[in-house]
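**Student:** My questions are about this predicted structure, shown below with the sequence.
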Amino acid sequence: MRIHFIAIGGSAMHNLAIALKLKGYNISGSDDLINDPSKSRLKKYNLLPKKEGWYPNKISIKIDAIVLGMHAKEDNPELIKAKELGLKIYSYPEFIYNQSKDKIRVVIGGSHGKTSITSLILHVLKEQDISSDYMVGAQLEGFEVMVKLSDSSKFIILEGDEYLSSALDKRPKFHLYKPHIALLSGIAWDHINVFKTFENYVKQFEIFINSVLDNGVLIYNKSDNEITKLVKSITKNIKLIPYSTPVYKIKAGTTYLDYNNESYKLKIFGDHNLQNIAGAMYVCNSLGINTSDFCRSITSFKGASNRLELIHKSPDSIIFKDFAHSPSKVKATAQAIRKQFPEKRFIACFELHTYSSLNPIFLSKYKDTLKNADECYVYYSEKNMKIKRLEPIDSNLIIKSFNHVNLSVIDNYKKLKEIMYSLDLANSVLVMMSSGKFGGLDLMKLK
């Protein structure tokens, strides 16, 4: 088959393109902006477009299907040409579903933790030498490509994002997968540019639950109030498995999971990660892996890329980078750091990067999320605000919203470099939190 990707540079899109090429498909693609790591990986597999931009002449009746990324808008010239020719157009979740109709589909959903839980499951399956197809949104150590589609694997493990599928398909991605086994980690209002009210956002998770196949399994975080409410109203014939924070202890900055009179030394930490482990364990149990084998396997799990990822450690200072961007994620990360390193000075640097976080109305949701930090810096780019056509934010509003007595606001990249590179990190833990890249700041120069 010949498949053309419109917006091939996306994190999931480029991985799907590579996966299909490895499966023997003829792949082409376009995008108006491709950054690393997508750019380097597409180049490695000879899939990088010769020029950035949209070229309708690439679209012809010789193409069997189009995969449309969310980055492409409805007026995209390649999309217009494809519609004129009557070509079959898929969003990437729709395409993945069609490739996995004969597999047992496991879908990990939730406002937070879904990447880490998916990564944990894949790590354990690999350690147990169990073949599986998959799609996950972050790089995982030991995996070259983060999408795999084969004809032989019995299972497929899918990270179930609630964001919209494409410009033509406004359904959340996780509505399309129809899971046999589903997991929900928690609900905390996100993507407010799309889901205008909290009630509308919660509704998407109700629809997801109803998409679980009859006689399927729903594994859910029983400590999350919103999920618990949804679970109580379920009328479908599905098996319900609740989970919560497992028993653990912290010794000298290292977390140990306790199970069946054994202690398992972990490379990750934090109550949110321990809950992720519990959820992943029940998924793996449902796939035939016993709990003892699961616990042994996770001792080597280092975490997904950018999820409380350790980038520097010395006897005096520790530096992490973390994908935390929504209020619930920021709060969970800050709590985890304070609990793990109670004797160290905790410095938090958080970037306002998403449309939600840059919305003055939404800013109030960040109240007290950084209260566990001793010193805070909140960065946003005025230049980026103009590109996104957003109104400027008053620094005093940011300070008031976070409600922290030792918080500084940084509104340009030059000032960010000056402050961050001059920090005294003696006896400190520094955490850089963002779904962006801090304007290109070299985090390795922070140490």
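**Tutor:** Received it, and whenever you're ready, just let me know what you need.
**Student:** now the helices for the protein?
**Tutor:** Counting by DSSP state H, the chain forms helices over residues 11-22, 38-44, 77-84, 92-99, 114-127, 198-211, 225-232, 271-286, 291-298, 327-340, 382-387, 395-402, 413-421, given from the N-terminal end onward.
**Student:** of all these, which lies closest to Ser165?
**Tutor:** Nearest to Ser165 among the helices of the chain is helix 92-99 (5.3 Å), distances taken as C-beta to C-beta. In short, each C-beta sits where N, CA and C put it, glycine included.
**Student:** Now do Phe95 against Met13, distance only.
**Tutor:** 10 Å (C-beta to C-beta, to the nearest Å).
**Student:** go on, Ile80?
**Tutor:** Distance from Ile80 to Met13, counting by C-beta to C-beta: 19 Å.
**Student:** next one: Lys265
**Tutor:** When C-beta to C-beta is applied, the distance between Lys265 and Met13 equals 37 Å.
**Student:** Which one's more surrounded, Ile80 and Met13?
**Tutor:** Using other C-beta atoms under 10 Å, the more surrounded residue of Ile80 and Met13 is Met13, with 25 against 14.
**Student:** which residues sit in contact with the more buried one?
**Tutor:** With contacts defined as C-beta atoms under 8 Å, 6 or more residues apart in numbering, Met13 is in contact with 5, 7, 29, 67, 69, 71, 92.
**Student:** So which of those are in strands?
**Tutor:** The subset of these located in strands under the criterion DSSP state E comprises 5, 29, 67.
**Student:** Those residues into a markdown table, with extra columns for pLDDT and neighbour count?
**Tutor:** What follows is the ones in strands among the contacts of Met13, written out as a markdown table (pLDDT from 0 to 100; neighbours: other C-beta atoms under 10 Å):
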| residue | pLDDT | neighbour count |
| --- | --- | --- |
| Phe5 | 98 | 29 |
| Gly29 | 97 | 23 |
| Val67 | 98 | 25 |
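**Student:** Turn those residues into CSV, columns for distance to Val147.
**Tutor:** Supplementary listing: those in CSV, determined by distance: C-beta to C-beta, whole Å:
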residue, distance to Val147
Phe5, 12
Gly29, 14
Val67, 12
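**Student:** Give the bridge partners for Ile27, please.
**Tutor:** The residues paired with Ile27 through beta bridges, assigned by DSSP bridges, are Ile3.
**Student:** oh sorry, the question was meant for Val429
**Tutor:** Residues found in beta-bridge contact with Val429 (criterion: DSSP bridges) are Ile318, Phe346.
**Student:** What's the local residue count around it?
**Tutor:** 23.
**Student:** just Ile387 next, same as before
**Tutor:** Applying other C-beta under 10 Å, we find 8 other residues in the vicinity of Ile387.
**Student:** what does Asn290 give?
**Tutor:** Burial of Asn290 is recorded as 11 neighbouring residues (other C-beta under 10 Å).
**Student:** Could you report the pLDDT at it?
**Tutor:** According to the model's per-residue confidence, Asn290 sits at a pLDDT of 97.
**Student:** gap between it and Phe362?
**Tutor:** Noted for Asn290: a distance of 44 Å to Phe362, by C-beta to C-beta.
**Student:** who touches the nearest residue to Glu141 once chain neighbours are set aside in this structure?
**Tutor:** The spatially closest residue to Glu141, leaving aside those adjacent along the chain, is Lys302, at 5.8 Å (C-beta to C-beta, 6 or more residues apart in numbering). When contacts are counted by C-beta under 8 Å, 6+ apart, Lys302 is found next to 141, 267-268.
**Student:** Out of those, who's the most crowded?
**Tutor:** Using other C-beta under 10 Å as the neighbour test, those are led by Ile268, with 22 neighbours.
**Student:** List the backbone torsions phi and psi for the spatially closest residue to that residue that is not a sequence neighbour.
**Tutor:** Computed as C-beta to C-beta, 6+ apart, the closest residue to Ile268 that is not its neighbour in sequence is Gly303, at 4.9 Å. In terms of degrees, to the nearest 10, the main-chain angles of Gly303 are phi 100, psi 160.
**Student:** Now do Gly303 against Trp189, distance only.
**Tutor:** Plainly put, Gly303 is 25 Å away from Trp189 if you go by C-beta to C-beta.
**Student:** What is the burial count for Ile34?
**Tutor:** Taking other C-beta under 10 Å as the criterion, the count of residues near Ile34 is 20.
**Student:** For it, which non-adjacent residue is spatially closest?
**Tutor:** Spatially, and ignoring its direct neighbours in sequence, Ile34 is nearest to Gly9 (3.5 Å; C-beta to C-beta, 6+ apart).
**Student:** wait, doesn't the one you found sit right on Arg41?
**Tutor:** No. Using C-beta atoms under 8 Å, Gly9 and Arg41 do not qualify as a contacting pair, with a distance of 10.1 Å.
**Student:** Who has more neighbours out of those two?
**Tutor:** More crowded of Gly9 and Arg41, by other C-beta under 10 Å: Gly9, with 23 against 19.
**Student:** ok, that one to Leu164 distance?
**Tutor:** Going from Gly9 to Leu164 by C-beta to C-beta gives 18 Å.
**Student:** Distance check, Gly24 against Asp151.
**Tutor:** Look at Gly24 and Asp151: by C-beta to C-beta, they are 10 Å apart.
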